[in-house]
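J.: The following block contains a protein sequence and its predicted model.
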Protein chains: 2
Amino acid sequence: MGPKALDYESLNENVKKVQYAVRGELYLRASELQKEGKKIIFTNVGNPHALGQKPLSFPRQVVALCQAPFLLDDPNVGMLFPVDAIARAKHYLTLTTGGLGAYSDSRGIPGIRKEVAEFIGRRDGYPSDPELIFLTDGASKGVMQILNCIIRGEGDGVLVPVPQYPLYSATISLFGGSLVPYYLEESANWGLDVNDLRQAVVQARSNGITVRAMVIINPGNPTGQCLSEANLREILRFCFHENLVLLGDEVYQQNIYQDERPFISARKVLMEMGPPLSNEVQLVSFHTVSKGYWGECGQRGGYFEMTNIPPKTVDEIYKIASISLSPNVPAQIFMGLMVNPPKPGDISYDQFVRESKGILESLRKRARIMTDGFNSCRNVVCNFTEGAMYSFPQIRLPPKAIEVAKKAGKVPDVFYCLKLLEATGISTVPGSGFGQKEGVFHLRTTILPAEEDMPAIMDSFKKFNDEFMEQYEDYRSYSRM
Amino acid sequence: MGPKALDYESLNENVKKVQYAVRGELYLRASELQKEGKKIIFTNVGNPHALGQKPLSFPRQVVALCQAPFLLDDPNVGMLFPVDAIARAKHYLTLTTGGLGAYSDSRGIPGIRKEVAEFIGRRDGYPSDPELIFLTDGASKGVMQILNCIIRGEGDGVLVPVPQYPLYSATISLFGGSLVPYYLEESANWGLDVNDLRQAVVQARSNGITVRAMVIINPGNPTGQCLSEANLREILRFCFHENLVLLGDEVYQQNIYQDERPFISARKVLMEMGPPLSNEVQLVSFHTVSKGYWGECGQRGGYFEMTNIPPKTVDEIYKIASISLSPNVPAQIFMGLMVNPPKPGDISYDQFVRESKGILESLRKRARIMTDGFNSCRNVVCNFTEGAMYSFPQIRLPPKAIEVAKKAGKVPDVFYCLKLLEATGISTVPGSGFGQKEGVFHLRTTILPAEEDMPAIMDSFKKFNDEFMEQYEDYRSYSRM
């Protein structure tokens, strides 16, 4: 009898091809070390609450009440919950049929999709249609749904920035498509050059690939840059001329740590460009409750908004969403709360603002401490983290280190990151997990460790790095003698 | 310029091929009518809370506290929450790093997977390994993950019961595989005959299809039958000889409405059969918090347990789960609570038992009222609902009704169900959405409307049906004249 269907050798090859470094070799080794009792600092994934960030009180109060609606009839409820949280919980429960225990419509609760549309309208200055907004179990699930519709086979290509968040490479592999890389320019603060995009498309075509879509991550992950309005215009014009769907990953739109380039949505820029672009370019934009100053990763809530997508396609996306019935309802409430936070005059407003500002201001400081820390290290250079939650320093590995790594059967940056992990407990992701130019090495770390822990972490990093560099540079000088 | 990538004509053909009737034409028409002000009874999907079932208090108290952990420090918390709920919330929070706002491990929280393993061990009398249990956003997502690993292309077949819950047909289409039907025998109370399975495999092979897996739904959806131990043994022996992975959809294991055939898991039967089967047959079993007497559909919580799946494959499934980071954490807590409910002596025990029994006993009564109601109707015959949440009556449509339906461009049972919806507001799913033998027609309805509403609903159904039959049987007699 041959191999069984779930033996490794008979699995779907696309499944096997997938690479996903954020939870790859480094994460697995870190988990082992943790089990053995070593203190691990998990900076491999943007997971703020796991590193001690406290949840915002107001949304948690509202969702707790929605989970326990019988409390709303309890005369003592006011002893534990403020009146505006009680009112808001009642509001969301009226938007559901059956509360949090009932499947919602597969696109999400209509009343919450309306609140999202109103938020987008306020943010961009152009109205948004709730019928074109689908709520999802986190932004990743939405990206996967859309790519599943676009990718028909390996002849279909998707332009993806390199370095990139590996959701994109993994999903494209899983659906059997082709990733078409375009390189961000590290020396220009991870800027995007439209000429490189053109070259990437020409190159892909010469390999028989039809490029059908383009991904932008703004602010960038892992690279932290914010796209300028002028850059977004160029990208949209390019998509128009090349007939590409633009996927706008805008999950870090609240995470901005400089004032020169505030976040601007791809949709707003598109609308401002007017016809023919504004009614031709197909755009899907993604957002989440996992990032921003909320950081509610574990709730798994997100949405996508579709622009210029024909109704028959929207119906197909709806049908596919129906197979798993509905996104989880508690996270839909979180999304409603995120786009509709307490207002001036509400009892919870001051506390909400204080908590939110505390988180954002601290992240801004941590972005600075981390970048400066990396730049003080031997053979390490790091662009400033303008937005998102990551630093992506370049690690200039000495030739001897590269040689030793290869002898050990490791990609050189994996070798470096493993040594860092063993020495310091800092769990990062090697740059090779995101893609980088040949012969250039990086690592990604989140800026999420607590502000008070940050100096010690950077000291520990510097000590490890500088010793590492000294060790392998010495080797080099010996070998030259 | 050609069509754009998200224009209907250029979408992934597998997406377009998917059919999913549970939220198909009938559901869409029902939603329209509801918007127009008509009272709709949504019996199209097993969604108990949407039809008025109250959530169990204890699990909701625990999850509410986990959402608002700051309440645990509030001296007044005891005024709203019982001490065992408080203790349990603290327990679950210690199992997480960062509470509900942090991504968990992509397989789910280790401590909860351990509780699930202990539950399975108690249920089956054989120990279960937490490392082989993955928590998921509902059982459907787990089924999709596993089928994604198994299906490599249209040459790969999956045996699926007909009638079946369309999750299976939809997912197999989406991943580009081939559905290999085996028919359940309505006249034998929807029994499964292993000879039919053999024939189905032979037939599929002659069409060049490699059958790799088999799905059983026990208790059955939409058919409501419970598999006997003898039948499960035959199925497992068949899977062993044919080298098939068995997917055991056991989401209705708490929903049993007769005493002759209590639920028995495929895993328990497999273990009792001993070697070589017990260490050879690959089995994946699915469960959920959405069904049972919990009915927590909107939370989206489930698990799958793998038996005889090699570690390298488990690693691949883990990798794919990692792409979307983690299942939602609140529903993981619900799963922990479901497998570990209050015990005798706990403060909440009596209330929990009272609430649970109330729901299950009422479902048992409703199963009976509904079956009897259908069997009192002209040209309708219905097997008793032994388990799960559905009735699946056969509707013997007069030839004239079939003819009129076809003229209207409708599948005959869709025609009937649409008429039923317009006349009564009862929203069902046509049997064609689940598969049925050629020329035989059914509908599926849940048994979930409130017990007190049930007699009126069945009266309304009978009135519509008997008039419909009279109308079209009269036509026939006229046309014969």
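T.: Yep, it's here.

J.: C-alpha only now, for contacts and for neighbours.
T.: Fine.

J.: A:Y168: neighbour count?
T.: 23 (other C-alpha atoms under 10 Å in any protein chain shown).

J.: try A:K141
T.: 21.

J.: Can you list the buried residues in the host helix or strand of A:F468?
T.: A:F468 is part of helix A:454-480 when elements are defined by DSSP states H and E. Within helix A:454-480, the residues that count as buried by 16 or more other C-alpha atoms under 10 Å in any protein chain shown are A:454, A:457-458, A:460-462, A:464-465, A:468-469, A:472-473.

J.: Same check on stretch A:297-315?
T.: By neighbour count on 16+ other C-alpha under 10 Å, the buried set for stretch A:297-315 is A:297-309, A:313-314.

J.: from those residues, which single one is nearest chain B?
T.: Nearest to chain B, judged by C-alpha to the nearest C-alpha, of those is A:G298 at 4.3 Å.

J.: secondary structure class for the closest one?
T.: When classified by DSSP: H, G, I helix; E, B strand; the rest coil, A:G298 comes out as helix.

J.: Most widely separated two among the buried residues of stretch A:297-315?
T.: Distances among the buried residues of stretch A:297-315 were taken as C-alpha to C-alpha; the most separated pair is A:G298 and A:N308, at 31.7 Å.

J.: just checking, which of the buried residues of stretch A:297-315 belong to helices?
T.: A:313-314 (DSSP state H).

J.: Name the residues of the stretch 251-400 of chain A found near chain B, please.
T.: A:282, A:295-300, A:309-310, A:312-313, A:316, A:319-320, A:322-324, A:326-330 (C-alpha under 8 Å from any C-alpha of the partner chain).

J.: next one: the stretch 51-200 of chain A
T.: So far as C-alpha under 8 Å from any C-alpha goes, the stretch 51-200 of chain A lies against chain B at A:51-53, A:55, A:57, A:60-61, A:63-65, A:67-68, A:71, A:74, A:76-77, A:79-80, A:97-104, A:137-138, A:140-141, A:148-152, A:167, A:170-171.

J.: for A:T288, what are its contacts?
T.: A:138-139, A:251, A:301-303, A:335 (C-alpha atoms under 8 Å, 6 or more residues apart in numbering or on different chains).

J.: what do you get if the cut-off is 7 Å, keeping everything else the same?
T.: A:138-139, A:251, A:301-303 (C-alpha atoms under 7 Å, 6 or more residues apart in numbering or on different chains).

J.: Make JSON lines from those and add pLDDT to it.
T.: Output for those, formatted as JSON lines (pLDDT from 0 to 100):
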{"residue": "A:G138", "pLDDT": "97"}
{"residue": "A:A139", "pLDDT": "97"}
{"residue": "A:V251", "pLDDT": "97"}
{"residue": "A:G301", "pLDDT": "98"}
{"residue": "A:G302", "pLDDT": "98"}
{"residue": "A:Y303", "pLDDT": "98"}
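
J.: which pair in those spans the largest distance?
T.: A:V251 and A:G301 (11.3 Å).

J.: separation between A:C382 and chain B?
T.: 27 Å (C-alpha to the nearest C-alpha, to the nearest Å).

J.: What is the neighbour count of that residue?
T.: 22.

J.: could you say what helices and strands the helix or strand of chain A with the lowest mean pLDDT packs with?
T.: Counting by mean pLDDT, DSSP states H and E, chain A has its least confident helix or strand at helix A:454-480, which shows a mean of 85. In terms of contacts (3 or more C-alpha pairs under 7 Å, 6 or more residues apart in numbering or on different chains; DSSP states H and E), helix A:454-480 is packed against helix A:399-407, helix A:412-424.

J.: so where do the helices sit in the stretch 201-350 of chain A?
T.: A:229-242, A:266-273, A:311-323, A:329-339, A:349-375 (DSSP state H, counting those that start in this stretch).

J.: Just give the nearest non-adjacent residue to A:A321, would you?
T.: With sequence-adjacent residues excluded and distances taken as C-alpha to C-alpha, 6 or more residues apart in numbering or on different chains, A:A321 is closest to A:S106, at 5.8 Å.

J.: a helix runs through that neighbour, doesn't it?
T.: No. Read with three-state DSSP, A:S106 is coil and lies in no helix.

J.: Now do the closest residue to A:M271 other than its chain neighbours, the pLDDT please.
T.: The shortest distance from A:M271 to any non-neighbouring residue, by C-alpha to C-alpha, 6+ apart, is to A:S278 (5.1 Å). Predicted confidence (pLDDT) for A:S278: 98.

J.: And A:S278, how far from A:R237?
T.: 10 Å (C-alpha to C-alpha, to the nearest Å).
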